[in-house]
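# With the input below, show me the fold.
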Amino acid sequence: MPARSRRPDDRASEIARAALDLFVSKGFAATRLEEVARAAGVSKGLPYLYFKSKEDLFKAVIVEAVAEPLVRANDLVDAFDGSTRELLEALVANFRAFAESPLGGVIKLILAEAGNFPDVARFYCSNFDLRGRQLFEKVLRRGVERGEFRPVADLEMTAILLAQPLAMHSVWLRSIAPYDDTQPVDSDRFYAAYIDFILKGLRP
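Numbers count the residues shown, from 1 in each chain. You can find the predicted model right below:
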């Protein structure tokens, strides 16, 4: 698409996508906005027109990576017509598709930079991480109300127990796993064991 026919929102999205790839591969601090502009195929001053600061670009990267997959996951949960076991499996498969895509690198990026950019970390937690945990909480509540899962004393904390291992596996794949000669990467086994463990723990 010729540059002159692009809408402003398209350009902002392209810049954010390019920034995500560079932030994940090079690190946030090591990436210059000029590099982002080059990767996005725009003039080096254009990112400054859309984003007031590099930190604002970081927030845009999070929105670009997480917002749409989260909407799709929420639609899945709200419209699902099968058993809650099947719904949980579908939600986990949905997360896996996100985590193993290039967009999934944002999780590692946020965790790596949280201490340096607490405002960005708070932005992620309040806008996206909370909503992700609430999806698992909604699934748990559905299963309990239908008698498919045992009563759960603390739905909110149990939802965190379901969500966090998935996030940590995504981070592990992009950090330690390539260097771990003792345990070859096998995400099929991880997700199968995860589902088996969770469902047996929730069995009525």
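# Let me see the contact set for residue 141.
Residues touching residue 141, when contacts are defined by C-beta atoms under 8 Å, 6 or more residues apart in numbering, comprise residue 155. (C-beta placed from N, C-alpha, C; glycine too.)
# same check, this time on residue 198
Residues in contact with residue 198, defined by C-beta under 8 Å, 6+ apart, are 88, 162.
# now it: how far from residue 94?
Between residue 198 and residue 94 the distance, using C-beta to C-beta, to the nearest Å, works out to 15 Å.
# Residue 148 now?
Residue 148 sits 19 Å away from residue 94, going by C-beta to C-beta.
# Give me the mean pLDDT for stretch 110-126.
For stretch 110-126, the mean per-residue pLDDT is 93.
# ok, and what's touching that stretch?
Contacts made with stretch 110-126 from outside it, assessed by C-beta under 8 Å, 6+ apart, are listed as 27-29, 55, 58-59, 62, 66, 171.
# Could you list the buried residues of it?
Within stretch 110-126, the residues scored as buried using 16 or more other C-beta atoms under 10 Å are 110-113, 117, 120-121, 123-124.
# cool, stretch 87-96 as well?
Going through stretch 87-96 with 16+ other C-beta under 10 Å, the ones that come out buried are 87-92, 94-96.
# Tell me how this protein divides into domains.
Under automatic domain parsing, the residue ranges defining each domain of the chain are 1-51, 65-202.
# could you say what helices and strands the longest helix anywhere in the chain packs with?
Assignment by DSSP state H gives helix 54-79 as the longest helix of the chain. With contacts defined as 3 or more C-beta pairs under 8 Å, 6 or more residues apart in numbering; DSSP states H and E, the secondary structure elements packing on helix 54-79 are helix 8-26, helix 33-40, helix 84-99, helix 105-113, helix 118-124, helix 130-145.
# between those helices, which gets nearest to residue 181?
Proximity of the helices and strands packed on helix 54-79 to residue 181 was assessed by C-beta to C-beta; the nearest stretch is helix 105-113, lying at 20.8 Å.
# and the closest one with helix 8-26, angle?
60 degrees (axes from the mean of the first three to the mean of the last three C-alpha atoms, to 10 degrees).
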